[in-house]
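Chemist: A structural model of the following input is requested.
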Amino acid sequence: MLSRTLRNFASSQASYTPKFFSQEQIDFYNREGFVVAKNVLPRLVTDNLQNWAKQMEDLPETPGKWMKYFEISKNQRLLCRVENFLPFFQELREISYGMITDMSSDLFGEQAVIYKEKINFKFPQGNGFAAHQDQPAFVSFGVKKLLTVLLPIDANTRQSGGLDFVRQHHIPKEILPQNSDGSIRTDIEAKLNWIPLDASAGDCVFFDSYAPHRSDVNTSTFTRRNLYLTYNPLSQGSWRDNYYEEKRRLFPPECERDPTKDYSEGAKVFNVANPIK
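Modeler: Residues are numbered from 1 along each chain as shown. Sure thing, here's the model as predicted:
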């Protein structure tokens, strides 16, 4: 039975036909570690991203449901991230399990499945995210191949703390030496060639889990919100439920934490190079 299943996976990979991306775009992604699809989201989604983000911002901290994480900036407790929201937002669930899954499948060359989802909130003067690779945060289940899709909710500019990437550094599939917080070691970061990548609502940015990236402080007057969807090939398993069970156990949101427990070990996997406390 197992050998037949593996043969079926191999057959589906060999015969996979892209639905959205051209071969030129797929080759660019494989070579550079990221690709930008400009203004591809349906108008219904683009027009409602800000509304959905505001709804998530207003959700009460509720154990066992969505997961809200905070940072401290200038002695203020600021929302930094919401995770595990797809079960509660039908329209986002449909686009995530539909069109974005198909686009991710094109880049894998085989069927993709969602691994996790999050929205990062970067309020004015909100902290940036240190230079890092995503792969160290995805070690829990042995998945070796993942990609993340950025859906900008607000304009990603230099002022609002847009992302920088390093080209072609995903190819060796190696995790770069790290600082104690999981960020790329400072001396190595300084030697890398960082490329700014600005984007707007309606765009999708796909990037490999080994691609180094970072963002700066939001010096604009508006909140910069980004929605991220991470996928892996279905041939490597379907892990979303397991991921959130593990995260709730090792690095839960504040409203679920036991004040007698130390969550520092969980933070090494689930809080890599970000300002969340």
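
Chemist: CA only for contacts and neighbour counts going forward, please
Modeler: Noted.

Chemist: what about F28, neighbour count?
Modeler: Neighbours of F28 under the rule other Cα atoms under 10 Å: 15.

Chemist: contact partners for it?
Modeler: 34-35 (Cα atoms under 8 Å, 6 or more residues apart in numbering).

Chemist: and stretch 36-48, end to end?
Modeler: Stretch 36-48 has its terminal residues 21 Å apart, counting by Cα to Cα, to the nearest Å.

Chemist: excluding chain neighbours, what is closest to L227?
Modeler: I119 (4.3 Å; Cα to Cα, 6 or more residues apart in numbering).

Chemist: check which element follows the helix or strand where that neighbour lies along the chain.
Modeler: For I119, the host element (DSSP states H and E) is strand 112-122. As assigned by DSSP H and E, the chain's next helix or strand after strand 112-122 is strand 129-132.

Chemist: elements contacting the helix or strand just after that following strand?
Modeler: Downstream of strand 129-132, the first helix or strand assigned by DSSP H and E is strand 147-152. Where contact means 3 or more Cα pairs under 8 Å, 6 or more residues apart in numbering; DSSP states H and E, strand 147-152 is packed against strand 204-208, strand 224-233.

Chemist: each with direction, which strands does strand 147-152 pair with?
Modeler: Next to strand 147-152 in the sheet, as set by DSSP bridges, lie strand 204-208 (antiparallel), strand 224-233 (antiparallel).

Chemist: next, the buried residues of the first one.
Modeler: By neighbour count, with 16 or more other Cα atoms under 10 Å as the criterion, the buried positions of strand 204-208 are 204-208.

Chemist: T221: neighbour count?
Modeler: The number of residues packed near T221 is 11, by other Cα under 10 Å.

Chemist: quick one: mean pLDDT for stretch 87-97?
Modeler: Per-residue pLDDT values across stretch 87-97 average out to 96.

Chemist: pull out the buried positions in that stretch.
Modeler: Under 16+ other Cα under 10 Å, the buried positions of stretch 87-97 are 92, 96.

Chemist: show me where the protein has its helices.
Modeler: Ranges of helices within the chain are 2-14, 23-32, 43-58, 90-97, 99-108, 186-191, 240-250, 264-270, based on DSSP state H.

Chemist: so I276 bridges to which residues?
Modeler: E71.

Chemist: that one reaches R77, doesn't it?
Modeler: No - counting by Cα atoms under 8 Å, I276 sits too far from R77 to count as a contact (10.1 Å).

Chemist: who touches both of the two?
Modeler: Counting by Cα under 8 Å, 6+ apart, the contacts common to I276 and R77 are 70-71.

Chemist: okay, now Q236: neighbour count?
Modeler: Using other Cα under 10 Å, Q236 has 15 other residues around it.

Chemist: and if you look at M56?
Modeler: Quick note: M56 (other Cα under 10 Å) scores 20 neighbours.

Chemist: next one: the residue lying closest to it once chain neighbours are set aside from V35, what distance?
Modeler: Once flanking residues are discounted, M56 sits nearest to V82: 7.1 Å by Cα to Cα, 6+ apart. Distance, V82 to V35, by Cα to Cα: 25 Å.
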